[in-house]
Each structure stands twice: as structure tokens, then as C-alpha cells.
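Undergrad: Fold the following, please.
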Amino acid sequence: MDMRRFLPILLIAFAALFILPQLFKHSSSKTLSSKDRATMTRDAMLRIDKAQKTAFESGGKYTDSLADIVAKDKVLTSELTVPLLIDLSTGDSGKSYVVTISSDVLSVARGRNGAKVSFSSCRVLKSRTGFSCPVPPAPTTTTGTTTTK
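TA: Residues are numbered from 1 along each chain as shown. Below is the predicted model:
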């Protein structure tokens with residue numbers, strides 16, 4: 001039997017088995033992108049603020065325990081793996097609080113006094129994250145008009 005007849009078929013089979021899979025292999029990244037880390041950082045701040053707002057509405061004061069907040073929010077639990085540096089502080093009477101959250105790409109802060117947001121700030125730490133801090137709405141002024149008949 002002449003093996004030269006089967007040589008092209010063997011070469012095609014070899015290419016199909018070993019070379020083509022390497023060409024079409026997708027390299028998937030196992031790490032979060034900078035934009036994802038920034039989004040998760042901001043979302044963590046919003047989730048903590050929402051939990052604090054709920055605590056204030058139900059008990060009349062903010063909680064100073066991050067553990068109480070995290071125990072009630074499973075999404076926040078997963079966001080803490082970014083990793084995040086969280087500083088949560090409440091006033092003496094529990095009527096005000098400040099939270100600052102920082103990752104390697106974004107830093108956010110929010111404070112409340114009573115039920116009102118007293119400040120909210122955001123700063124991108126890495127310029128090429130693809131994330132931009134939301135612009136706070138401009139203060140609006142209303143003008144009153146009266147009509148007479």
C-alpha cells in the first residue's frame with residue numbers, strides 16, 4: 001500500500017486536531033476590568049446608603065456597623081471582593097453618617113444629616129477606566145407667576 005496517497009489526509013487531520021483549536025481559542029480574562037471595579041465601587045456606596053436610609057426610617061438613627069449592613073445584602077457581600085476600603089462613621093446621636101469607599105480606580109463618599117443627603121462626591125483615580133462620575137444635577141430655581149382675572 002502506498003502511504004503517499006494518505007499523506008494529504010494525514011496532514012489535514014493533524015491540522016484539524018492540533019493547529020485549528022489553537023487559532024480559535026478565546027483567551028478569557030479572569031479579572032475584573034477597571035470599569036467593572038469602578039461600577040462595583042459606586043454600587044457598593046449606593047447600597048450602603050440605601051441600607052442606612054432604611055435603618056434611619058425604621059429606627060430613627062443610622063447604624064455604625066458595616067457587618068449589619070453586609071449581612072442583609074448579598075450583592076454587597078460579593079462587591080466587597082473588589083477589594084474595597086470602606087470607612088463608615090456615624091454621629092454621636094446616630095442622626096448623621098459618612099461613608100467613604102475606595103478601590104484602586106475610584107473613590108466615592110456620601111454623607112447624610114437626618115434624612116437628607118448633605119454631600120455626595122466621586123473621584124476617578126485612574127484616568128483610563130472608561131468610567132466617569134455622574135454629574136450632579138444643577139440646582140433649579142423656580143419662578144412664581146400669578147395670573148389675575
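
Undergrad: I'd like to know how far the most centrally placed residue in the chain sits from residue 65.
TA: The residue lying closest to the centre of the chain (C-alpha atoms, centre = their mean) is residue 40, at 1.2 Å. Noted for residue 40: a distance of 22 Å to residue 65, by C-beta to C-beta, to the nearest Å. Heads up, the C-betas are built off the backbone N, CA and C, glycines and all.

Undergrad: List the contacts of the closest residue to residue 102 other than its chain neighbours.
TA: Spatial nearest neighbour of residue 102, excluding adjacent residues (C-beta to C-beta, 6 or more residues apart in numbering): residue 85 at 4.6 Å. Residue 85 is in contact with 101-103, counting by C-beta atoms under 8 Å, 6 or more residues apart in numbering.

Undergrad: For residue 15, state which of the residues you listed is nearest.
TA: The closest of those to residue 15 turns out to be residue 103 (C-beta to C-beta; 45.6 Å).

Undergrad: Now the closest one: phi and psi?
TA: phi -120, psi -170 (degrees, to the nearest 10).

Undergrad: which stretches of the protein aren't confidently modelled?
TA: 1, 26-29, 136-149 (pLDDT under 70).

Undergrad: max-length helix in it?
TA: The longest helix of the chain (DSSP state H) is helix 34-59.

Undergrad: buried set for that helix?
TA: Judged by neighbour count (16 or more other C-beta atoms under 10 Å), helix 34-59 contains these buried residues: 34, 37-42, 44-45, 47-49, 51-52, 55-56.

Undergrad: From the contact counts, what lies against the helix or strand hosting residue 100?
TA: Using DSSP states H and E, residue 100 falls within strand 96-102. Counting contacts by 3 or more C-beta pairs under 8 Å, 6 or more residues apart in numbering; DSSP states H and E, strand 96-102 is packed against helix 34-59, strand 85-90, strand 106-113.

Undergrad: what about 10 Å?
TA: The contact analysis (3 or more C-beta pairs under 10 Å, 6 or more residues apart in numbering; DSSP states H and E) places strand 96-102 against helix 34-59, strand 85-90, strand 106-113, strand 116-124.

Undergrad: pretty sure residue 66 is touching residue 88, no?
TA: Yes - between residue 66 and residue 88 a contact is recorded at 5.2 Å, counting by C-beta atoms under 10 Å.
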